[in-house]
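# starting from these lines, generate the structure:
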Amino acid sequence: MTRPIRVLVAKPGLDGHDRGAKVVAAALRDAGMEVIYTGLHQTPEMIASAAIQEDVDVVGLSILSGAHMTLFPRVRDLLVEAGRDDILLTGGGIIPKEDMDALQQRGVARLFGPGTSTQDLVEYIRDWFASRQQQDA
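The predicted structure is shown next:
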């Protein structure tokens, strides 16, 4: 039996719309993952610190504000600086395809747009976690 996957769901910046983040958090919990939801208006520093303190496997950012090209890289950089580049950084929101591609080039994992099935996200995280465990074995 493997341990539960630990996921931190965060809403960085000034975006006050958290319904989608709460839906994702509930879906991940329903799938058997341990979920920490940080709430609204988190700074990248707060998110990275919480991820490290909670020893999570995955950080999921929900960004609807248009600040994704700043917020995702900053969280990634802070995790790397703390020696936690093993944490999967994923997320979703209103992010154009070309920005998704640019963020992936900078170390951000797959990103999910509006209308994505929560099951797609659950499967993506489970597959990533299983492949990581195989590498560690």
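
# the spatially most central residue of the chain and M33: what is the separation?
With distances taken as C-alpha atoms, centre = their mean, G60 lies nearest the centre of the chain, 1.5 Å away. For G60, the distance to M33 equals 10 Å [C-beta to C-beta, to the nearest Å]. No exception for glycine: its C-beta is placed from N, CA and C like everyone else's.

# now do the shared contacts for the two.
Both G60 and M33 are contacted by V7, under the criterion C-beta atoms under 8 Å, 6 or more residues apart in numbering.

# and the residue nearest to the centre of the chain, that's in a strand?
Yes. Assigned with DSSP: H, G, I helix; E, B strand; the rest coil, G60 falls within a strand.

# list the contacts of it.
Contacts of G60 were listed using C-beta under 8 Å, 6+ apart, and they are V7, L8, V9, A10, V24, T90, G91, G92, L121.

# output the contacting helices and strands for the lengthiest helix in the chain.
In the chain, with assignment by DSSP state H, the single longest helix is helix 118-136. Secondary-structure packing of helix 118-136 (3 or more C-beta pairs under 8 Å, 6 or more residues apart in numbering; DSSP states H and E): helix 19-30, strand 58-63, strand 88-93.
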